[in-house]
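**Student:** Got a sequence here, can you model it:
(chains A and B)
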Amino acid sequence: MAPLQKRALYGLAFGVVWAIAIIVVFIVKGGVSTFTEDQGFRIVIDVLWVGGLIFYGILMLTLRKQSQVDERDRLILGRAPVVQLWAVIFSMVIWTIVLTESYWDQGIPPIFMYLVFMSTIIVSAVAQSIGILIGYWRMGRND
Amino acid sequence: MTKVKNRIRRLRFDHDEMTQQELANRAGCTRQTIIALEQGKYVPSIELAFRIAKAFGVTLEEVFQYEEST
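**Tutor:** Numbering: from 1, shown residues only, chains lettered A, B, ... in the order given. Okay, here's the model as predicted:
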C-alpha cells in the first residue's frame, strides 16, 4: 500500500468516527432546540468539531512527513478534489431540500448556518480521503 | 488504442535481481509505482521514464516500447 493511500485510509477512518461522534452527541444531548438554548452543549460540540479538525490536521501532517509522494500519487491527489466537490455539492443539496421542506412556514433558524458549515468541513475532509482511495482503486483496475 | 509496454522486470533481473525498492530509490519514485509499472497499470511521465532508463544505464527505447493496436 502506497504511503498516500495509507494516509487516506487513516484519514477516512478518523473522519467517519469523528462525524459519527458529533452526530451521536448531538442527538443524545437533545438536538437543535437544546443546541440553541444550552451554551454548554454548544461548547461540547465546538470542542468535538474544532478538536477533531486539529487532530485531523496533525494526523495528515505527521503522515505526510513519513510519506514519499511521487508523480503517480500526485496525479491521484490532483483528481481527489473532484470527489470532494461532488460530495460538498451533494451535502448542500440535501441540506437545502431538508431545511426548506422542514422550515418553509416559519423560516430557517440561524443556528443551521453553523450546522451546515460544520458538516461541510467534515464532508470535505472525508471526501478527500475517499477521492484518493478511489484514485488508487481505479488505477489498480487500469482504467 | 495505444499501449506502452516496458521491460522493467526483465531489466531488474538482468541487473543482479535489483529490488523494486532499489530501482524506486534510484528513479526517485515509490516502490508501489514500480509495481504498477511492471503490472502495466501505469504509464510514467517522460521524466520518470528517463530516470528509470538511466537507473539501468540503457536508452529509453530499451525500457519502454510504444505499441499501437487497432
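
**Student:** Any figure for the gap between the residue nearest the centre of chain A and B:Gly28?
**Tutor:** The residue lying closest to the centre of chain A (CA atoms, centre = their mean) is A:Ile122, at 2.1 Å. Distance, A:Ile122 to B:Gly28, using CB to CB, to the nearest Å: 36 Å. The C-beta positions use only the backbone N, C-alpha and C, and glycine is treated the same way.

**Student:** before we move on, the earlier item: who are the contact partners of the residue nearest to the centre of chain A?
**Tutor:** Contacts for A:Ile122 (CB atoms under 8 Å, 6 or more residues apart in numbering or on different chains) come out as A:15, A:18-19, A:22, A:49, A:52.

**Student:** Which among those residues count as buried?
**Tutor:** Buried positions within the contacts of A:Ile122, assessed by neighbour count (16 or more other CB atoms under 10 Å in any protein chain shown), are A:15, A:18-19, A:22, A:49, A:52.

**Student:** Please go through the chain and pick out the longest helix.
**Tutor:** You didn't say which chain, so I picked chain A. If you go by DSSP state H, chain A has its longest helix at helix A:71-102.

**Student:** oops, chain B please
**Tutor:** The longest helix of chain B (DSSP H) is helix B:46-56.

**Student:** tell me the centre residue of chain B?
**Tutor:** Central residue of chain B (CA atoms, centre = their mean): B:Ile8, at 4.4 Å.

**Student:** That one touches B:Val63, doesn't it?
**Tutor:** Yes - if you go by CB atoms under 8 Å, B:Ile8 and B:Val63 touch, sitting 6.5 Å apart.
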